[in-house]
Structure formats: structure tokens, C-alpha cells
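Colleague: Sharing a model that was predicted from the sequence below.
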Amino acid sequence: MSHLLKLLAQRVVLGFLLLLAVSALIFMGTEILPGDVAQSILGQSATPEALANLRRDLGLNEPALTRYFSWLGNLLQGDLGTALTNGADISSSIGKRLYNTVFLASVAAVLAVPLALVLGMLAVRYRNRWPDKLISGSTLAFISLPEFFIGYLLIYFVAVKLGWFPSVATVFESMSFAERLSAVALPATTLTLVVLAHMMRMTRAAILNVMQSAYIETAELKGLTGFKIIFRHAFPNAIAPIVNVVMLNLAYLIVGVVVVEVIFVYPGMGQYLVDHVAKRDVPVVQACGLVFAAFYIFLNMLADIIAIVSNPRLRHPK
Amino acid sequence: MLRRIPLSALIGLFVTGLFLVAAIFAPWLAPYGLTETVGDVWEPMSSTYLLGTDNLGRDLLSRMIYGARTTIFIAAMATALSFTLGAILGLLAAVVGGWFDQLLSRFVDLLMSIPTLIFALVVLSVLPGNLITLILVMGILDSTRVYRLARSVAVDINVMDFVEAARLRGEGRGWIVFREILPNALSPLVAELGLRFIFQVLFLSALSFLGLGIQPPDADWGGMVKENKDGIIFGIPAALIPAAAISILAISVNLIADWILNRTTDLKGGRGGN
């Protein structure tokens, strides 16, 4: 057991080191690359005096390394700085939006994960027959669809033509849980459809892999029904690869959320990031980039940890 | 050989071919100019304007045809860049090994630990918004995927006897990479090419849709979705047309890539098929 704990501690430390390296990379990406931040904010027609003033205000005359460590130091104390465009405190702006984004992504995850598992098992149960072909064929097509095609199709048919859900996902603080749920119904469905195909295909592949084992044949010979074999014997043994794919897709939700929030005008992190990239508001972009990267790294780390815990062979590497 | 192409790949080839023809011969095929205002805002489909008009009263079909040109050209340039960069560095890393390999591989791991779209947005917030930066950002960020594949394929080939024989013959590194390893690593790389191209089309469309890719008045399909999206709420489906075009292009290239992947794994007796 202590060996397992040590292995897990290693993963967590590795995750934090990675996050540190990512923060450096994001900082480098915005500060050291060719392209002058002050020039981009003020535009080509800026006077040299205005440029010099802005550079001084932004602290751009300090060496990059000093600026990185002061940024990092403030970051660790929860201070993300202030936005260039309106002087608002970034931490408090992100707080509310982060809640909205996590809410949307969670609703999508709650919809997508069970659906993908059930469809995957159905496809295995009826493999090479029409339900399998139908499920596999339609998911293959769905993999290539951009988020905005699915999103606007849903808006056009479900929101505008049928009027079942609002076309714009407005949420505010006084909303009840049910109202919120109805507001995010369409964006969550879009996200679900985007990640469902990949998760379902990998679930099917993982279970099919196990189905060739000798103990599955034994279970068949015992006379168990198809579903019982899959559910009791195949699925538990395929759980590690499935969890891995589920986590990777949840990490993908974080990216998909950027485009989906813009489609549905949903007040979350993605919308916030995109707005401020267009305004070239570097502190906000850095902060948002780091938050997104942190989620991504955390989910990948979680996938690693679950894989280690669920598979005894990974606990004792040779 | 032609007889053995499956129906799905034939459909893919045909549709991709149509898009390519539209892209190459855009100025001759488009009934109106790219920025020419010809009618009212968001006119419905009619015999004069086959796909209707857009948010500024420009002919949608003409813009779709010019958009095919921009979308396919930029995605192809970015794919070419990501492939050259990723494949050469990946093969070199496998052949040189040691600290060079470690340094590159860890850097690629680091780049891949940030979602591509997020990192692209971060970088595009400071870089000047023009075509060259767009292609560079798209190509470099995506080359990490090609690097991983090229390196893992090349590591396997690098330990084969014929590479050893070439080394003993005294061939230089350039010969080993380009004459011994590259020809043998080509088939998995070519199959990957199609998938990378699709990814670039979707990536470019997403960036343009967010307003950070191609800048108006030039048009690519993602940007056209953005221009026409406000019409959706009034029941005007103009934005769905470019979005559908992106999807159809992605699906048809996918069908071709799928076929090539199956073919190359057949040739190798299943090697690299998983």
C-alpha cells in the first residue's frame, strides 16, 4: 500500500511541476515572442510617447525573468492582476465565470458518460449486426463535425423552429437550478454530441478486446445471456482503458467549451477568454490560459491515477 | 487497382475532388465577386442567388467558392509545415537519440499539456494578425502530433539490420534519415496526413469563427459562419451552409484517410494497424 501511495505522490508532484512549466510557457508565449504588447494594444498609429508610457505602466522595462516571478508570486496568492481594458480585478471576474463553465461542462459530462458506456455495450452486444453498424457509422460521421455546426443546427431546429429551449443560454445568479438546467440544455447537448462519438468508440474497442479472453468463452458456455457477460465479466476488466478515454474527453470538454460558449453567448470562461484575445488584453489571456491548462493537466493526472489504482500490473512496473 | 477502391473511399475522393476544383477555379466558377454587394440582406435561395445572400447582401455561393479556396489553401499550408517540421525533427530525434531526443521530446510533452486551441488563443493575443502568423501558429502547434508519430515509428526502424548496415558502411546522418528510415516510415505518415489536414480545417474554422483567424473582407468558411450567425435566430439558415461545407469536407477526407490506413496496414501484414 505504501508503494501505491508513493507512486500516487509522484504523479501529483509531477502534475504540479508540469503546471509550473506550463505557466512559464504561457508567460513566454505572450511576453518573449516577437510582437510588442504595447504596440498591439495601442495599434500601429500610436505615438512613441504613448508607447513608452504604456510600457512603463505595464512594467515592460523590467527584465522578463523578474516579471515572470512577480506574476507567479501574485498568482500563488490568488491575485491574477487587473484587466488592461477596464481595470477590473481578474480573480473576481473569473470566479463567477468559472462556476458557470464548470456547471456547463458537468451537465455535459453527466449526459455523455453514461450514454457513451451504454451505447458502447449495446454495440458490443449486437456487434456486426445493424445496431452496431448504425451506432458506429453515425459516430464516425459525428467525429468530423465542428462544434458550431452541431450547435447552430440545434439552435435552428430545436430553439427557433420548435421553440423548446432558449436559443441564447443566459444565466444569472438569482436563477433556480431547474431554470439554469433549461438554459444550458442546448449547449450541454452540443458538447455531449461532440465527445460522445470518441468515448463510445473507445468503450466498444476496449470491451471487444476483453471479449476474446478465455473466461468470456467460459461464461458463454455456462449459458449466461449476452448482456450479463458484458456487464459482469467484460466491463469490469475493461474499466482502466475506458476511464482513461472518459478523462481525456472530459479534458477535451474544456476546449470544446470555448467555442460552444461563444455559439450560445454563455457567460463563462471561454467567452471571457475569446473577448479578451480580440482586445489583446494580455493579463486576462494569461490568467484564462493558465486556468484552462490547469484543468486539463488535473484531469489527465486523474486519469493516470485511476489507471494505476485500477490495474495492479501498473502498480509494480518492472 | 481502381476496381478495388471501396464505395466509401470513392465518395470521399469524388467530394474532395469537387471541393478542390471549386478552390482552384474559384474566379471562373463564382457567379459574382467576393466582396460585391448584389442584393438585399439575407435573401432566400432563388435562381439568381442559388444559396441566397449573406448578412451584407453578397452572393453566398460565390463566397462559398472563394471560401473553399482560402480554407483549403491555409489548411494545406499549415499541414505541410506541421508535417515537414514534425517528421524531420521526429526522425532526427530517433536517429540522434541522447540529449537531443530528450530535450525535444520533453518540450513536445510540455506543449501538448496545453490544449491546442487555448495555446493558440494565448499566442494570437500578442502576435500581429496576418496570414503568415496564422499558418505558423497552426503548423507549429500541430507538428507536436506528427513529431510523436514520426519518432515512435522511426525508433522501431532505427534498430533494424539494414539501418545498422548503412551505419557500418559509413553513411552520414542525412542519408540514414532520408534514404533508410523515411521511405519505410512513409506509409503511416501518409495515412496521418489526411487526419492532420482535417484537424487543420477544423482548427482554422474554429479560429475564424471566434474572429481570430482570417480577417474580413476575405472569407473562409469559419468566418462566414460568424458573419451569418445572427440570422439563425430569425430562422435564416445562411450560417448553416458554410458549417455544413466544413463538415462534408472533413467527412470525405476522413473516408479517404480511412481507406489509405486500411490499405497500408494490409501491405504491411497488419503492422502499425492498432
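Modeller: All right, it came through fine.
Colleague: The closest residue in space to A:Val285 that isn't next to it in sequence: what's it in contact with?
Modeller: In space, and not counting its chain neighbours, A:Val285 is closest to B:Ser125: 4.4 Å by C-beta to C-beta, 6 or more residues apart in numbering or on different chains. The C-beta positions use only the backbone N, C-alpha and C, and glycine is treated the same way. For B:Ser125, the contacting residues are A:30, A:40, A:276-277, A:280-282, A:285, by C-beta atoms under 8 Å, 6 or more residues apart in numbering or on different chains.
Colleague: top of these by neighbour count?
Modeller: Compared across the contacts of B:Ser125, A:Val285 has the highest neighbour count, 28 neighbours, by other C-beta atoms under 10 Å in any protein chain shown.
Colleague: phi, psi of B:Gly235?
Modeller: Main-chain dihedrals, B:Gly235, degrees, to the nearest 10: phi 80, psi 20.
Colleague: Is it correct that A:Lys279 is in contact with A:Thr85?
Modeller: Yes. Counting by C-beta atoms under 8 Å, A:Lys279 touches A:Thr85, with 5.1 Å between them.
Colleague: Which strands and helices lie in contact with the helix or strand containing A:Met121?
Modeller: A:Met121 is located in helix A:90-125, with elements delineated by DSSP states H and E. Judged by 3 or more C-beta pairs under 8 Å, 6 or more residues apart in numbering or on different chains; DSSP states H and E, helix A:90-125 is in contact with helix A:130-143, helix A:185-211, helix A:226-228, helix A:239-263, helix A:269-278, helix A:282-310.
Colleague: Alongside chain A, which residues does the stretch 1-150 of chain B contribute?
Modeller: Residues of the stretch 1-150 of chain B lying near chain A by C-beta under 8 Å from any C-beta of the partner chain: B:110-111, B:113-119, B:121-128.
Colleague: Going by neighbour count, which of the residues you listed are buried?
Modeller: B:111, B:113-119, B:121-127 (16 or more other C-beta atoms under 10 Å in any protein chain shown).
Colleague: could I get the helices and strands packed on helix A:90-125 as TSV with mean pLDDT?
Modeller: What follows is these, written out as TSV (pLDDT from 0 to 100):
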stretch	mean pLDDT
helix A:130-143	79
helix A:185-211	84
helix A:226-228	80
helix A:239-263	82
helix A:269-278	87
helix A:282-310	85
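Colleague: any chance of the ones you listed in TSV, plus distance to B:Asp142?
Modeller: TSV is the format used below for those (distance: least, C-beta to C-beta, whole Å):
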stretch	distance to B:Asp142
helix A:130-143	17
helix A:185-211	18
helix A:226-228	42
helix A:239-263	14
helix A:269-278	19
helix A:282-310	17
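Colleague: And those: which comes nearest A:Val107?
Modeller: Checking the helices and strands packed on helix A:90-125 against A:Val107 by C-beta to C-beta gives helix A:185-211 as the closest, at 4.2 Å.
Colleague: Just checking that closest one against chain B, any contact.
Modeller: No. Applying C-beta under 8 Å from any C-beta, one finds helix A:185-211 separated from chain B by no less than 9.7 Å.
Colleague: in that helix, what counts as buried?
Modeller: Buried residues in helix A:185-211, counted by 16+ other C-beta under 10 Å: A:185-207, A:210-211.
Colleague: Then stretch B:220-235?
Modeller: Buried-residue list, stretch B:220-235, by 16+ other C-beta under 10 Å: B:220-229, B:231-232.
Colleague: Restricted to helices, list the residues of the stretch 1-150 of chain B next to chain A.
Modeller: Using DSSP state H, the subset of these located in helices is B:110-111, B:116-119, B:121-124.
Colleague: Phi first, then psi, for B:Pro44.
Modeller: phi -70, psi 170.
Colleague: One more: B:Asp59?
Modeller: phi -70, psi 120.
Colleague: residues touching it, list them.
Modeller: Contacts of B:Asp59 by C-beta under 8 Å, 6+ apart are B:30-32, B:36, B:38-39, B:49, B:51, B:53.
Colleague: out of those, which are buried?
Modeller: Applying 16+ other C-beta under 10 Å to these flags B:30, B:32, B:39, B:49, B:51, B:53 as buried.
Colleague: and residue 76, how many neighbours?
Modeller: Let's take chain A. 8.
Colleague: The chain in question should be chain B.
Modeller: Neighbours of B:Ala76 (other C-beta under 10 Å): 16.
Colleague: Distance of it relative to B:Leu50?
Modeller: Per C-beta to C-beta, to the nearest Å, B:Ala76 is found 26 Å from B:Leu50.
Colleague: do A:Ile94 as well
Modeller: 46 Å.
Colleague: who has more neighbours, these two?
Modeller: Set side by side, A:Ile94 and B:Leu50 show more neighbours around A:Ile94, with 19 against 13, by other C-beta under 10 Å.
Colleague: for chain A, what are the nearby residues on the stretch 151-274 of chain B?
Modeller: B:198, B:202, B:205-206, B:209-212, B:222, B:225, B:229, B:232-235, B:237, B:239-240, B:243-244, B:246-247, B:250-251, B:254.
Colleague: Type out the PyMOL command that picks the buried ones from these.
Modeller: Only the buried entries of those go into this PyMOL selection, using 16+ other C-beta under 10 Å:
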select buried, chain B and resi 198+202+205+206+209+210+211+212+222+225+229+232+237+239+240+243+244+246+247+250+251+254
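Colleague: Can you give me the pLDDT of residue 59?
Modeller: Let's take chain A. pLDDT for A:Gly59: 68.
Colleague: try chain B instead
Modeller: 79.
Colleague: Disregarding flanking residues, what is the spatial nearest neighbour of it?
Modeller: Nearest to B:Asp59 is B:Tyr32, by C-beta to C-beta, 6+ apart, at 4.1 Å.
Colleague: now A:Asn74
Modeller: Using C-beta to C-beta, 6+ apart, the closest residue to A:Asn74 is A:Gly81 (6.6 Å).
Colleague: Which residue ranges of chain B form strands?
Modeller: Along chain B, no stretch is classed among the strands by DSSP state E.
Colleague: Count the neighbours of residue 259 for me.
Modeller: I went with chain A, as the question did not name one. 24.
Colleague: actually it's chain B I care about, not the one you picked
Modeller: So B:Trp259, with other C-beta under 10 Å, has 20 neighbours.
Colleague: again with B:Met77
Modeller: Neighbours of B:Met77 using other C-beta under 10 Å come to 18.
Colleague: B:Leu134 is in contact with that one, correct?
Modeller: No. Shown here, B:Met77 and B:Leu134 do not form a contact pair, counting by C-beta under 8 Å, at 9.4 Å.
Colleague: Give the residues shared as contacts by these two.
Modeller: Counting by C-beta under 8 Å, 6+ apart, nothing touches both B:Met77 and B:Leu134.
Colleague: Find the nearest non-adjacent residue to the most centrally placed residue in chain B, please.
Modeller: Nearest residue to the geometric centre of chain B (C-alpha atoms, centre = their mean): B:Phe197, 2.2 Å. Nearest non-adjacent residue to B:Phe197, counting by C-beta to C-beta, 6+ apart: B:Thr79, 4.8 Å away.
Colleague: Test my guess that that neighbour contacts B:Ile198.
Modeller: No. Using C-beta under 8 Å as the test, B:Thr79 is too far from B:Ile198 to be in contact (9.4 Å).
Colleague: quick one: B:Arg145 and B:Asn184, what's the gap?
Modeller: For B:Arg145, the distance to B:Asn184 - C-beta to C-beta - is 20 Å.
Colleague: oh sorry, the question was meant for A:Leu7
Modeller: 37 Å.
Colleague: likewise A:Val282?
Modeller: 46 Å.
Colleague: ok, now B:Gly211?
Modeller: In terms of C-beta to C-beta, B:Gly211 sits 44 Å off from B:Asn184.
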